[in-house]
Every structure is written in C-alpha cells, then in structure tokens.
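Okay, here's the prediction I keep looking at, along with the sequence it came from:
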Amino acid sequence: MVVWCKLAHDHVVRLHGWIPYLENPEILCPGLVSNWCDGGDVTTFLKRSPQADRQALICGIACGLEYLHSKKVVHGDMKPDNVVMGDKSTPQLCDFGLSFITSDKTTFLHASSMFATGRYLAPEVFESEEPFRNEKTDVWAFGCTAMEILRSEPPYSTTRNELAVFKVIGTTPPFDLSPTQPTEEILVRCLNFDPEGRINMGDVAKRLKQNGSRSGCPDNSSATQSFSYPLQFPSAAILST
C-alpha cells in the first residue's frame, strides 16, 4: 500500500482506497466488477481480440514500467497476469504485492515474500544467496512478458512442467532470440543473461516509440504526483464494513 498509493500514471492501475474485508465487491460500487478492467488481463484480452495492436500494448506496458523505475519503484512481479486492460484498451500494471521503493527500506521485501511465477524470473535471482529484485530483473520480466504478447507463447514454451522450468533458467533462453521484427530486436536486449548488458526501461520506451507504435507513451510529468507523506484519500474513498 505504501508503494502503490503514490503512483499515478495512465499505464498503472490507480489506487482509490482500501478496505480490510468485503464479502461482496458489488457492495462497494454497483457495476464496479463488471465495468472496471472489463478486458481482463492482457492474455485474456488478446484471446478475445487477436487482431489488437500488440505493438501498442507493449509500448504502454513499457511506459508504465519506465514510470515506476523513474520513481525508484521496483515492480517485482512483471508478467501478463499483472497487466490488465482499462478503458479504451489501455494496458495498466497492477498487483504491487512484491513492489518496493529503493530509497525506502520500510518497503523492502523479506526473503519469505520473494515469490513470483518462475517463467518470468531473471537468471541472476537464482544465482544469488539472498533472493532479490531490482530494475534489471524487472527489465528481464518485461522482455518475457512482451515477447509472449507478440508470439502468443509463454517463456520456455517447450517446457511444460512448471517445476522443470527452474532447471533451465540461466542456461536456456526463454525464447528463440532470433528477432523477426524491429520490436523483437529491442526486446532481445531485455533478455541478456548478463544483467549489466540489459537495456534500461527508459531506452526501451524511447525505442518503441521511435519504432512507430501507434499508442505512444504519456508524458510522465503530467501523469504523476509527488511522493509526499502523509497520503490523503478523499473521505469517500476509504470505506469500512
């Protein structure tokens, strides 16, 4: 909550408040469940709309992650399940359960909290004695997510057993890294086994826009709010049972 409440961007799901328990979401706002993010996650959306502009989706996701990194926030669990479709088919990042602010130790993750889908984990996460996340592991996970959107297949698609995936991470690329289009040439640079050799999200978003994505990326300066304490929600936004 400390991380998420400070984020404001077109490609990040907005937090309006929180409630400790709610048996029926419809009580919160009639129609909310059916109308909010009615496109589902990005994978569900593409199954319903296979002709959607995948380049634009990837550019939007890149802009959202670039914004997080500009605020010194690590998402920590980038994957298609955590990209939902908002109004006007706008991809938005969600699920900040593993996120933290690099400058705020109170938001750091404990080792026991370091769970994420194995297929999207960067190789160096397995090589360290202590589990961790950083901007570079986010870049790897973004590369896997974006390639899956383009190719309609998950990382390590030939390995069906989820547990067996952990054996091939770090030795086998998550995809055939022979680019077939300009966008893939950019994404391949996200999937460098050496984290120091990976492109950063600022360059990814810039190159995707130069590549001619029709979506473009919003100007962060007009879509952000300051990291100020304390956070104040409108009184109607925080509810209780």
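Sure, I can see it.

who are the neighbours of the strand or helix carrying Ala146, in terms of helices and strands?
Using DSSP states H and E, Ala146 sits within helix 135-151. Packing partners of helix 135-151 (3 or more C-beta pairs under 8 Å, 6 or more residues apart in numbering; DSSP states H and E): helix 42-48, helix 54-70, strand 73-74, helix 123-127, helix 182-188, helix 201-210. Backbone N, C-alpha and C define where each C-beta goes, glycine included.

can you rerun that using 7 Å?
In terms of contacts (3 or more C-beta pairs under 7 Å, 6 or more residues apart in numbering; DSSP states H and E), helix 135-151 is packed against helix 54-70, helix 182-188.

Which stretch among those is buried most, on average?
Mean neighbours per residue, mean count of other C-beta atoms under 10 Å, is largest over the helices and strands packed on helix 135-151 for helix 54-70, with a mean of 24.

As PDB, could you dump the C-alpha coordinates of that one?
Only the C-alpha atoms of helix 54-70 are listed here, as PDB (Å, rounded to 0.1, in the frame of the first residue of the first chain):
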ATOM      1  CA  ARG A  54       0.200  -5.700 -29.900                       C
ATOM      2  CA  GLN A  55       3.000  -3.200 -30.500                       C
ATOM      3  CA  ALA A  56       0.800  -0.600 -28.800                       C
ATOM      4  CA  LEU A  57       0.200  -2.800 -25.900                       C
ATOM      5  CA  ILE A  58       3.900  -3.400 -25.400                       C
ATOM      6  CA  CYS A  59       4.700   0.300 -25.600                       C
ATOM      7  CA  GLY A  60       2.100   1.100 -23.000                       C
ATOM      8  CA  ILE A  61       3.400  -1.600 -20.600                       C
ATOM      9  CA  ALA A  62       6.900  -0.300 -21.200                       C
ATOM     10  CA  CYS A  63       5.800   3.300 -20.400                       C
ATOM     11  CA  GLY A  64       4.200   2.100 -17.200                       C
ATOM     12  CA  LEU A  65       7.300   0.300 -16.000                       C
ATOM     13  CA  GLU A  66       9.500   3.200 -17.100                       C
ATOM     14  CA  TYR A  67       7.400   5.400 -14.800                       C
ATOM     15  CA  LEU A  68       7.800   3.000 -11.900                       C
ATOM     16  CA  HIS A  69      11.600   3.000 -12.300                       C
ATOM     17  CA  SER A  70      11.700   6.800 -12.600                       C
END
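
chain center to it: distance?
When distances are taken as C-alpha atoms, centre = their mean, to the nearest Å, helix 54-70 is centred 8 Å away from the chain's centroid.

What of stretch 40-47?
Between the centre of stretch 40-47 and the centre of its chain there are 14 Å (C-alpha atoms, centre = their mean).

buried stuff in it?
Neighbour counts using 16 or more other C-beta atoms under 10 Å place Asp41, Val42, Thr43, Phe45, Leu46 of stretch 40-47 among the buried residues.

swap in stretch 144-154?
Neighbour-count burial for stretch 144-154 flags Cys144, Thr145, Ala146, Met147, Glu148, Ile149, Leu150, Pro154 (criterion: 16+ other C-beta under 10 Å).

can you list the helices and strands packed on helix 135-151 in CSV and add mean pLDDT and distance to Phe126?
Below are the helices and strands packed on helix 135-151 laid out as CSV (pLDDT from 0 to 100; distance: least, C-beta to C-beta, whole Å):
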stretch, mean pLDDT, distance to Phe126
helix 54-70, 95, 22
helix 182-188, 95, 21
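
could those be laid out in TSV, adding distance to Glu130?
Listed next are the helices and strands packed on helix 135-151 as TSV, based on distance: least, C-beta to C-beta, whole Å:
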stretch	distance to Glu130
helix 54-70	22
helix 182-188	28
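
Out of these, the one nearest Val165 is which?
helix 182-188 (19.5 Å; C-beta to C-beta).
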